[in-house]
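1. turn this into a structure:
(one chain, ligands or ions: 1)
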Amino acid sequence: MRVSMSLCCALFAVSAGLAGAQTKAAMTPPMGWNSWNHFAGHVTDADVRSAADQMVSTGMRDAGYIYVNVDDTWQGKRDAQGVLHTNERFPDMKALGDYIHSKGMKFGIYSSPGAKTCGGYEGSLDHEAQDAKMYAEWGVDFLKYDLCSYNDNLLAAQAAHPDDPTIKKTMMIAAYKKMGDALKVTGRPIVYSLCQYGVDQPWKWGPEVGASMWRTTDDIDDSYGRMIAIGFSQAGLSQYGGPGHWNDPDMLEIGNGKMDQDEYRTHMTLWVLLASPLLAGNDLSKMTDADKALLMNKEAIAIDQDSLGKQGDRLYESGDLDVWTKPLTGGRVAVGLFNRSWSVRDVSVDLAAIGFKNGGNVRDVWKGKDLGRRSGVFTDTLVKHGATLLIVSK
Ligand code: GAL
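-> Coordinates of the predicted model:
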């Protein structure tokens, strides 16, 4: 009995240590690039290698974007031993991972708890441990795990058990935990990114399944309407984000061309205030100076990555005007002023209401300008769909 108790405690300590390693991989919101928003189902090994090269040449890597993530459609077929092979567009995943690592970045991959991914490729159902081990052997540092066809399993279970209202949720959590546990067993710190579109409030159970981040909504697209619908719907979730476990309102669309610069500025402003993972999804070979200025603004990134690890939240909303704040280290507060209307509008924040009763020093991040000591109500005039990002300090 005594022997088995100490064995149990030793095993617990090992497993707790590994869980710690997973958490440490995402002490600040993960930053990188993902293939989906630009390449979707056509991505190749060559595209990802060029993306890795461009992450370096554009300065993205040095700005903090270190994950290079292959999304859906890399998979081939399983062999008789259940080993999943890649398809012809990805001849050698280990070599691809080595290439990304040789450039000083980390390697991400994608799968599903279902039999099929959303693109109809092989998922990890019933092969979780085998796939996790293979990812670790390839040097994978990040796994996005997308519900996709596992939803069919959930619906089938619900149909078979119509009187059990919780069966879908219980099964989904178990499926995500299965892969979370399999990743831990590999001993490799792998950021575990849940993608199940916010169903059943993953912010409440994500940490228990070993998740480093979880999507809070359905997919983003490159439109102002969709981006603000997702971004502003994050109000009230700040208590669930923090070091090692982040709310994920989906990848960035900055640079994909269908929003104007004021709209992309709103996108970046809101995502950094949300302490969101910053996964760029643009064609890195065609970055304009304006895209670079938004994606690589050091002060905006520092707000996202602030070591206090607090997610921002809404201070107030009035019609199409919105004010959000995010506490930062050193008693500073980041403030976002937003104008969602189609005309020029004044947007104000009362500095006393955000902890600066005696006023504070105000810095405009996008202008890169100190605005001096201010007290009382601070007002800025914003263009349509515009945003201002401030840092207020004592
Ligand atoms: C969606 C997911 C997207 C992308 C796509 C790939 O479910 O939300 O981000 O991964 O699947 O098929």
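
2. residue 265 should be in a helix, yeah?
-> Yes: the assignment for residue 265 is a helix, going by DSSP: H, G, I helix; E, B strand; the rest coil.

3. ok, it to the ligand distance?
-> Going from residue 265 to the ligand by CB to the nearest ligand atom, to the nearest Å gives 23 Å. Quick note: C-beta positions are derived from backbone N, CA and C, even for glycine.

4. tell me, how many residues neighbour the closest residue to that residue other than its chain neighbours?
-> Closest residue to residue 265 apart from its sequence neighbours, by CB to CB, 6 or more residues apart in numbering: residue 387 at 5.3 Å. By other CB atoms under 10 Å, 26 other residues sit near residue 387.

5. over to residue 376?
-> As a burial measure, residue 376 scores 12 neighbours (other CB under 10 Å).

6. give me the pLDDT for it.
-> Residue 376 carries a pLDDT value of 98.

7. is it true that it touches residue 354?
-> No: assessed by CB atoms under 8 Å, residue 376 is found out of contact with residue 354, at 11.9 Å.

8. enumerate every residue touching the residue in the stretch 201-350 of the chain that the ligand sits nearest to.
-> Distance from the ligand to each residue of the stretch 201-350 of the chain (CB to the nearest ligand atom) is smallest for residue 219, at 4.5 Å. Contact analysis of residue 219 by CB atoms under 8 Å, 6 or more residues apart in numbering lists 197, 250.

9. cool, residue 231 as well?
-> Per CB under 8 Å, 6+ apart, neighbours of residue 231: 249, 266, 267, 270, 271, 274.

10. let's see 10 Å
-> 217, 220, 249-250, 266-267, 269-271, 273-274, 276, 322, 324, 336, 338 (CB atoms under 10 Å, 6 or more residues apart in numbering).

11. what do you get for residue 367?
-> With contacts defined as CB under 10 Å, 6+ apart, residue 367 is in contact with 388, 389, 390.

12. can you check residue 322 too?
-> Here residue 322 is in contact with 228, 231-232, 235, 266, 270, 314-316, 336-340, 347, 387 (criterion: CB under 10 Å, 6+ apart).

13. where does this structure have low pLDDT?
-> 1-23 (pLDDT under 70).

14. residues in it within reach of the ligand, list them.
-> Proximity of the chain to the ligand, by CB under 6 Å from any ligand atom, involves residues 36, 71, 72, 117, 118, 119, 146, 195, 219.

15. how about these, which pair is most distant?
-> The two members of these with the most space between them (CB to CB) are 117 and 219, at 14.1 Å.

16. in terms of helices and strands, where is the residue of the stretch 201-350 of the chain closest to the ligand?
-> Residue 219 is part of no helix or strand when elements are defined by DSSP states H and E.

17. stretch 197-209: how far from the chain's middle?
-> 14 Å (CA atoms, centre = their mean, to the nearest Å).

18. C-alpha coordinates for that stretch, CSV please?
-> Extracted C-alpha coordinates of stretch 197-209, given in CSV (Å, rounded to 0.1, in the frame of the first residue of the first chain):
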residue,chain,number,x,y,z
TYR,A,197,-16.8,28.0,-31.9
GLY,A,198,-17.6,28.9,-28.3
VAL,A,199,-20.3,26.2,-27.9
ASP,A,200,-21.1,25.5,-24.2
GLN,A,201,-18.9,28.2,-22.9
PRO,A,202,-15.4,26.7,-23.3
TRP,A,203,-14.0,29.6,-21.1
LYS,A,204,-15.6,27.7,-18.1
TRP,A,205,-14.1,24.3,-18.8
GLY,A,206,-11.1,24.9,-21.2
PRO,A,207,-8.5,25.0,-18.4
GLU,A,208,-9.6,21.6,-17.1
VAL,A,209,-9.0,19.9,-20.4
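
19. list the buried ones in it?
-> Buried residues in stretch 197-209, counted by 16 or more other CB atoms under 10 Å: 197, 198, 202, 203, 205, 206, 207, 209.

20. in helices, which of those residues fall?
-> Mapping the buried residues of stretch 197-209 onto helices (DSSP state H) picks out 202, 203, 205.

21. from residue 173, how far out is residue 65?
-> From residue 65 across to residue 173, the span is 31 Å (CB to CB, to the nearest Å).
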